[in-house]
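Student: fold the following and give me the result.
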Amino acid sequence: MNRLLLNCDIGESFGHWTMGLDAEVMPFIDCANIACGFHAGDPSIMRKTVSLALSHGVQIGAHPAYQDLVGFGRRSMAYTAQELQDLLHYQIGALDGICRAQGGRVSYVKPHGAMYNDMMANPAQLRAVIQAVAAYDRSLPLMLMATRDNNAAQRLGDEYGVTLWFEAFADRAYDNAGMLVSRQLPGAVHHEPEKIIEQALIIARGGNLTASDGSTLHLQANTLCVHGDNASSVAAVRRIREALDQQSAT
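Tutor: Numbers count the residues shown, from 1 in each chain. This next block holds a predicted model:
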């Protein structure tokens, strides 16, 4: 069975406004995708979240986004390839500086929201993101969505010498291409804890999911995205962690 890393978007509070249960979910994850100030977070939140991750031995990932604080980074925006790379370098560098001040470092990159979705739909944008990571630090893995066929993305990663970590979702439905079903459609999000845990274990075992059209879907993933938005989300993450650990031990 694959050793799936559990990753979680985190550090998304801003000023006196709090979002998510970062302290509660941190003990159960492997990777913390920390907001870098463009869709959420601010320098103090980044510092506190880095400190929390370091205290739990959790890998720190830069979670850069479009410059869209009002829209939480979920609105597509038009950038040139150079502008996109500038955004990434600015945000990765900011988080990396905060990490280094505390004796840590950024160890991977996971784009957020619309930037993430747009790069999966647009090969030219994916190339620009991979180029940005390679230019900043070629040793940093880039996290992106696992689909039915990862080959095209893998070829781009290989071209620039960037390691790719393919990500799957335990609480989302997939279409027959291995893309996430739109949240606007019924059944796009799984809410039942048992179904979420079952899907996590299927992905970890390298088994087959059932796509929205009933076809068989196989995802090759290195990491699983989980959420710490509320108490029930944290409880689900804890059960996924326990289930995966138990599966690994057998």
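
Student: low-confidence stretches in this protein?
Tutor: 1-2 (pLDDT under 70).

Student: center of it - which residue?
Tutor: Nearest to the geometric centre of the chain sits K110, at 5.2 Å (C-alpha atoms, centre = their mean).

Student: where does that residue sit relative to P193, distance-wise?
Tutor: Plainly put, K110 is 24 Å away from P193 if you go by C-beta to C-beta, to the nearest Å. All C-beta spots, glycine's among them, are computed from the backbone N, C-alpha and C.

Student: relative to R205, how far out is the most far-flung residue of the chain relative to its centre?
Tutor: Distance from the C-alpha centroid of the chain, by C-alpha atoms, centre = their mean, peaks at T250 (27.6 Å). Remark: distance between T250 and R205 (C-beta to C-beta) = 11 Å.

Student: and the contacts of the helix or strand hosting C8?
Tutor: Assigned by DSSP states H and E, C8 belongs to strand 5-10. By C-beta atoms under 8 Å, 6 or more residues apart in numbering, the residues outside strand 5-10 that reach it are 20, 22, 25-26, 28-35, 49, 53, 59, 61, 63, 110, 112, 143, 165, 167, 222-228, 237, 240-241, 244.

Student: sitting in helices, which of those do you find?
Tutor: Per DSSP state H, helices hold the following members of the contacts of strand 5-10: 22, 25, 49, 53, 237, 240-241, 244.

Student: could you redo those residues as JSON lines and give each row distance to Q154 and neighbour count?
Tutor: Output for those, formatted as JSON lines (distance: C-beta to C-beta, whole Å; neighbours: other C-beta atoms under 10 Å):
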{"residue": "D22", "distance to Q154": "32", "neighbour count": "22"}
{"residue": "V25", "distance to Q154": "30", "neighbour count": "24"}
{"residue": "T49", "distance to Q154": "31", "neighbour count": "25"}
{"residue": "A53", "distance to Q154": "28", "neighbour count": "24"}
{"residue": "V237", "distance to Q154": "28", "neighbour count": "26"}
{"residue": "I240", "distance to Q154": "26", "neighbour count": "25"}
{"residue": "R241", "distance to Q154": "28", "neighbour count": "18"}
{"residue": "L244", "distance to Q154": "24", "neighbour count": "22"}
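
Student: pick out the most distant pair among those.
Tutor: Across the ones in helices among the contacts of strand 5-10, no pair lies farther apart than T49 and L244, at 23.5 Å, counting by C-beta to C-beta.

Student: helices and strands around the longest helix anywhere in the chain, which ones?
Tutor: Looking across the chain with DSSP H, the single longest helix is helix 81-101. In this structure, helix 81-101 packs against helix 43-55, strand 59-63, helix 123-137, with contacts taken as 3 or more C-beta pairs under 8 Å, 6 or more residues apart in numbering; DSSP states H and E.

Student: and the gap between the residue lying closest to the residue nearest to the centre of the chain once chain neighbours are set aside and A231?
Tutor: Excluding the flanking residues, the one nearest K110 by C-beta to C-beta, 6 or more residues apart in numbering is M143, at 3.8 Å. For M143, the distance to A231 (C-beta to C-beta) stands at 26 Å.

Student: the two: which is more packed in?
Tutor: A count of neighbours by other C-beta atoms under 10 Å puts M143 above the other of M143 and A231, at 23 against 10.
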